[in-house]
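Colleague: I would like the atomic coordinates for the input below:
(chains A, B, C and D)
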4 protein chains.
Amino acid sequence: MTLRFGILGAGRIGQVHAAAVAGLAGAAMVAVSDPLETAAKAIQDKYGCDIRSVDAIEAAKDIDAVIICTPTDTHADLIERFARAGKAIFCEKPVDLSLARVRDCLKVVDETKSFLMIGFQRRFEPDFNVLKQAIDAGRIGKVEMIALTSRDPGPPPYDYIKRCGGIFRDMTIHDFDVARWLLGEEVDTVQAAASVLVDPKIGELGDFDSVNLILRTASGRQCTINNSRRATYGYDQRIEVHGSEGSVSALNHAEARIEFAGPEGYTRPPNQHFFITRYADAYAAEIAAFVKAVQDGAPPPVSGLDGLRALALAEAAVLSVAENRTVLVSDILG
Amino acid sequence: MTLRFGILGAGRIGQVHAAAVAGLAGAAMVAVSDPLETAAKAIQDKYGCDIRSVDAIEAAKDIDAVIICTPTDTHADLIERFARAGKAIFCEKPVDLSLARVRDCLKVVDETKSFLMIGFQRRFEPDFNVLKQAIDAGRIGKVEMIALTSRDPGPPPYDYIKRCGGIFRDMTIHDFDVARWLLGEEVDTVQAAASVLVDPKIGELGDFDSVNLILRTASGRQCTINNSRRATYGYDQRIEVHGSEGSVSALNHAEARIEFAGPEGYTRPPNQHFFITRYADAYAAEIAAFVKAVQDGAPPPVSGLDGLRALALAEAAVLSVAENRTVLVSDILG
Amino acid sequence: MTLRFGILGAGRIGQVHAAAVAGLAGAAMVAVSDPLETAAKAIQDKYGCDIRSVDAIEAAKDIDAVIICTPTDTHADLIERFARAGKAIFCEKPVDLSLARVRDCLKVVDETKSFLMIGFQRRFEPDFNVLKQAIDAGRIGKVEMIALTSRDPGPPPYDYIKRCGGIFRDMTIHDFDVARWLLGEEVDTVQAAASVLVDPKIGELGDFDSVNLILRTASGRQCTINNSRRATYGYDQRIEVHGSEGSVSALNHAEARIEFAGPEGYTRPPNQHFFITRYADAYAAEIAAFVKAVQDGAPPPVSGLDGLRALALAEAAVLSVAENRTVLVSDILG
Amino acid sequence: MTLRFGILGAGRIGQVHAAAVAGLAGAAMVAVSDPLETAAKAIQDKYGCDIRSVDAIEAAKDIDAVIICTPTDTHADLIERFARAGKAIFCEKPVDLSLARVRDCLKVVDETKSFLMIGFQRRFEPDFNVLKQAIDAGRIGKVEMIALTSRDPGPPPYDYIKRCGGIFRDMTIHDFDVARWLLGEEVDTVQAAASVLVDPKIGELGDFDSVNLILRTASGRQCTINNSRRATYGYDQRIEVHGSEGSVSALNHAEARIEFAGPEGYTRPPNQHFFITRYADAYAAEIAAFVKAVQDGAPPPVSGLDGLRALALAEAAVLSVAENRTVLVSDILG
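Modeller: Alright, predicted model coming up:
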């Protein structure tokens, strides 16, 4: 049975998801909604779907599932609406910047027994999955320490910085999810250090651009996270998992697999610069996993609780910086 | 204006081209033809096109272009037929195993002023193109020596060996084309050495499985080619171009960008094993280039003459091995 | 003028320093001292020097400089004695495990205007020096974040664990020194997490075997340190320095520069396993730098204060773990 | 028993060998001889040995072995003289540029039952030895095809070009020896292509600067050799051995094990530029192997016959280029 989709939000990531749906056997692009007509029109032209209002999509009989990629402050409301409307829901991270609001929203999802999947696309990145499977197969023994490096080529616009909830909730959140996915245990404590090194204006807006964190589980496993809003060599996305019998790393993706040799030495191209290029395969696999889970009646591969827990780690990081201390995650989650 | 396609031959490579056509703006899959009904049916089911006879495609008003991926011994006849029918033609290499037959066929193409492109997909491989553009931009100075390494994961079936025209015409032919593309000058002489090291049965069938060649241009540029029908580490496809100011190499494609560390050292996965996976992007780009050239009224990016010249180099290699000498290509081409 | 050496302690590291002195123009091995006669004898046999008592070396007219590589708890006393005896002193790290004792000892060095150099050999490692010079030359812009990875192939004997002062004072101390050397600013705060993951017995002895740290300077530069007492792939020693205009990394040293390819993929050998092999060039360069500084009347390349400050960072790390907080280094140094 | 050495020739390579002898347990530098007094003096000053005439070294009772590193045209005469004088002989390649002269010389060595080792240092390079041992241990199955790449950073002086016997006898000779060492079978046929691409003056002097060769054994194993007198990225010295079960490669030696990342991508330093730096360990191991073989009464690790056979391959290469044919080595060796 084909899963029929409505997409809420026709921006950059909405276009990515529309392409994924259109290219997928067992899925159909039925409608798109966006206050900005030209954005919705672009998707309509490409995939031949309808443009409809959110209300119309909510009421539609020919739509089984929605992908929410509207601005963050609308996510929780839309999740609740579409949960009540009985649609399967895929929502971009985060559900909300407020833990309390997320909790309330997830309560509605629970009560309505809705299917809600959160968009942490890294769990679907092909290389990361080979790495995860190798760990699960025991190839490196017991997981001991993980090092995550995520650096953006450059900072986002100031407007985005202002409303994104801060670097921990906006950028590190992806690493929090990867850490939880790979550690095999919940995080117990969070230590964070934060600086403004890239652009003083980011500091003036109350945010940081360069952070390091240490996560620790109850049994003592540790994960470090390094984030920067600047990397002159492209989008830097690395994972290293150190175990009792060896280690496994996921490497960066170069723009091309070539190498120059000359007086300056041996040079390989920089990393792909754009997150949508870097994670193109991951985005497609993510939507495929959503469709498969809905069709199989399986639980969502990334749940609302996963979104909540990642957000709690971000809160802990904020506290750690503010109060110069190691923060217990249980104090946040209650 | 959309270019409307008929595909002749629904085998492995026909399916690849059908997917390329279907995924391309400005191109449409109209019909497929194959004596084997199940093969044609598979393409029909996937892309919703017609199944037609070769005759019907030849006569069709709603078909502008054909892709020939039938068995080799039918290529020259089909090219002539569709040239006379006024269709744009894309034909898999080789036009024919006989130089004389190729020449006759190309005469028909000339007389009918037809558009014929030969399927040397490596010219469209993205990494190879970055390499080529770097050379053309002068990044390594003047090209001096090229080393091409092409090794298959394993030998093809004996049946294929019997009718493929021998390793030089079947496998090295791709390297001959890459050599001509990168050397920037026509090849003047060919030296070849050939052995049976992988499977004695290949020798019994009159072929070789392990060869090395040296091509030399009039100005002295040289290109070596190394081919083996066996590589336990996957499909080995490398280019190294050494110039007066530096060198540039195209590297292999690993199955995943990960690395293990353990007592045995640091291990990265083997290369992708299958040529269709390895050259997936190249096949798509090749058809896109065909469509663009036809629509722009430009000459074919890879012409019948390119096919002829590559085949002449294969003939020269055969002679070099048989007669223990350095063979002048002009003696072959006349 | 040749600098004439006495070596105190003929163990593993004493032998390394003896070889360095013997191979150095402008330096001479005059005497060695060790309570264990066979150890001293081995050095005597190899370099033809005398075996003398510590008292005799202290009183010797034909000895200008001493290298102290006796057990840690004798370092401070020996430094004071030989400072008063007017010898130039090279002492293996640490001066002492107690900050107060180090302070007292350095006071004697100051009062006697003695030349004291501390053995942090990593500052003399050739690759690390190319990295440092590149940073100083502005190649990566302004230093922002550093990641140090130091993992031993396996834990030391329990006896060593008992008396080494704990992993921060014994192992991380080298990384503290490298961090100070590369950050270009003093460390302001220390955050540390520590676990027992390798061997529970290490925990029973009151120590940890797996730690991560974040150091932060006043201007916000950060340095992470990852230490493990186990790495199945050899001695793992990496530096990554991320700056405003790029990054520079020092890579591991493989046992051999070869690569295997096979069904399992591409494999390079593990790292050199032994720290004395890995840092062989560094140890020789360190003694050469000592000799040069003494002969030039220059200040020691690594001073007693450097030893003190690294030890203070270790104290801060211990406190951070014990009290779950971010520790101000100024609280330790007073 | 200590082997007492006289070195004939105090040039660049004489100094390398002197250092090797001086640093070796069981070997002693007794005397050096060179028509150029300052050269001999430099070695005397460094190692405290005598300066003596060739006649005096020939007659000396306190000298057991000589290292011949005088100009090539004196090698054969000196070998004969010192063979008759009963000294063990180490001689730099080649014995002579004329095959006939080499044969005569080796006859004297045979008749006098002298110990003669030829200086093909690559057989003693540590990485190449790990590679060789892996092959011998069956790690890559049966050897099928070898690719040797040897490129000099830049051409030697014209004077050297004039008297070196041509690129095949001077430069490729090392690769011929490595090929024989690794192929495990004698070479049956040689095919060569040669060009002047680096400097037209080299062509005017009757030599080439860019060559490729294919060697083939009777069983069909093949080895390609690529030589250039120019490589802007340092001294390029690579080996790739492809076997039935995998392949093994020896990689280049970078000036430092560091990596930069920036807008241009990821850059590692060029290769070590100087052959004496690149093969420093190999030269020392070579002399150690000479000493050990003499002291053990074992046959020389690289014999006069090895020198003769490598030279015969060079002759075959010259003929292949001159006569545009595949040359049988047995036609050269008779």
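Colleague: Ignoring the adjacent residues along the chain, who's closest to the residue sitting furthest away from the middle of chain A?
Modeller: When each C-alpha in chain A is compared with the mean C-alpha position (CA atoms, centre = their mean), A:Pro263 comes out farthest, at 41.5 Å. The shortest distance from A:Pro263 to any residue other than its chain neighbours is 5.0 Å, reached at D:Thr232 (CB to CB, 6 or more residues apart in numbering or on different chains). Using the backbone N, CA and C atoms, a C-beta is placed for each residue, glycine as well.
Colleague: What of A:Thr217?
Modeller: For A:Thr217, the spatially nearest residue (CB to CB, 6+ apart) is A:Glu185, at 3.9 Å.
Colleague: The one you found: which element?
Modeller: If you go by DSSP states H and E, A:Glu185 is not part of any helix or strand.
Colleague: Phi, psi for it please.
Modeller: Its backbone dihedrals place A:Glu185 at phi -150, psi 150, with angles given as degrees, to the nearest 10.
Colleague: Same question for A:Asn227.
Modeller: Here A:Asn227 shows phi and psi, under degrees, to the nearest 10, equal to phi -120, psi 140.
Colleague: Name whatever forms a beta bridge with it.
Modeller: Beta-bridge pairing of A:Asn227, defined through DSSP bridges, involves A:Ser150, A:Val211.
Colleague: cool, and A:Glu92?
Modeller: Beta-bridge partners of A:Glu92, as defined by DSSP bridges: A:Gly119.
Colleague: Identify the residues contacting it.
Modeller: Residues touching A:Glu92, when contacts are defined by CB atoms under 8 Å, 6 or more residues apart in numbering or on different chains, comprise A:13, A:68-69, A:75, A:118-119.
Colleague: which residues are in contact with the helix or strand where A:Ile161 lies?
Modeller: Taking DSSP H and E as the criterion, A:Ile161 maps to helix A:158-163. For helix A:158-163, contacts defined as CB under 8 Å, 6+ apart pick out A:72-73, A:155, A:201-202, A:205, A:207.
Colleague: Export those residues as JSON lines, with columns for neighbour count, distance to chain B and pLDDT.
Modeller: As requested, these are arranged in JSON lines below (neighbours: other CB atoms under 10 Å in any protein chain shown; distance: CB to the nearest CB, whole Å; pLDDT from 0 to 100):
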{"residue": "A:Thr72", "neighbour count": "17", "distance to chain B": "31", "pLDDT": "93"}
{"residue": "A:Asp73", "neighbour count": "12", "distance to chain B": "36", "pLDDT": "94"}
{"residue": "A:Pro155", "neighbour count": "19", "distance to chain B": "26", "pLDDT": "97"}
{"residue": "A:Lys201", "neighbour count": "13", "distance to chain B": "35", "pLDDT": "98"}
{"residue": "A:Ile202", "neighbour count": "20", "distance to chain B": "31", "pLDDT": "98"}
{"residue": "A:Leu205", "neighbour count": "14", "distance to chain B": "35", "pLDDT": "98"}
{"residue": "A:Asp207", "neighbour count": "24", "distance to chain B": "31", "pLDDT": "98"}
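Colleague: biggest helix in chain A by residues?
Modeller: Longest helix in chain A by number of residues (criterion: DSSP state H): helix A:304-323.
Colleague: Which strands and helices lie in contact with the helix or strand following it?
Modeller: Along the chain past helix A:304-323, the next helix or strand (assigned with DSSP H and E) turns out to be strand A:327-328. On a contact count with 3 or more CB pairs under 8 Å, 6 or more residues apart in numbering or on different chains; DSSP states H and E, strand A:327-328 meets strand A:187-195, helix A:304-323.
Colleague: which secondary structure element contains A:Val32?
Modeller: Assigning secondary structure by DSSP H and E places A:Val32 in strand A:27-33.
Colleague: can you tell me if that strand touches chain B.
Modeller: No - judged by CB under 8 Å from any CB of the partner chain, strand A:27-33 stays clear of chain B, getting no closer than 14.7 Å.
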